[in-house]
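[1] sequence-free structure coming up:
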């Protein structure tokens with residue numbers, strides 16, 4: 001995963017996109033791409049796996065760029081949120 005993130009940041013840097021990737025712009029882009037993902041499910045249950053995968057990739061890429069822009073450690077923020085969710089939604093023990 002770390003190599004993937006490094007490769008994305010290198011891709012971004014090689015194109016000089018970081019100057020456009022402010023937290024505000026990235027939050028907008030995440031929302032826009034998420035809406036494009038949702039569009040594939042708007043009118044029914046049929047969808048193209050490849051197109052859905054592309055839209056999901058766009059959402060994930062922008063999320064990684066936003067974490068980088070805000071200097072967030074992705075692993076740390078996800079584990080932190082999982083801890084909060086475990087308290088809010090405890091597992092049912094059978």
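    Done, it's in. What you see is a predicted model; the values in this text were computed from it and never measured. Residues are numbered from 1 along each chain as shown.
[2] Tell me the first helix or strand C-terminal of the helix or strand containing residue 6.
    Here residue 6, judged by DSSP states H and E, is contained in helix 2-14. Once helix 2-14 ends, the next helix or strand along the chain (criterion: DSSP H and E) is helix 23-39.
[3] For that following helix, give the mean pLDDT please.
    Averaged across helix 23-39, pLDDT comes to 98.
[4] Then stretch 10-20?
    The model assigns stretch 10-20 a mean pLDDT of 97.
[5] What is the end-to-end distance of it?
    One end of stretch 10-20 sits 15 Å from the other (CA to CA, to the nearest Å).
[6] distance between that stretch and the chain's centre?
    17 Å (CA atoms, centre = their mean, to the nearest Å).
[7] before we move on, what about stretch 6-23?
    Remark: stretch 6-23 is offset 15 Å from the chain centroid, using CA atoms, centre = their mean.
[8] Any idea how many residues pack against residue 28?
    12 (other CB atoms under 10 Å). (C-beta placed from N, C-alpha, C; glycine too.)
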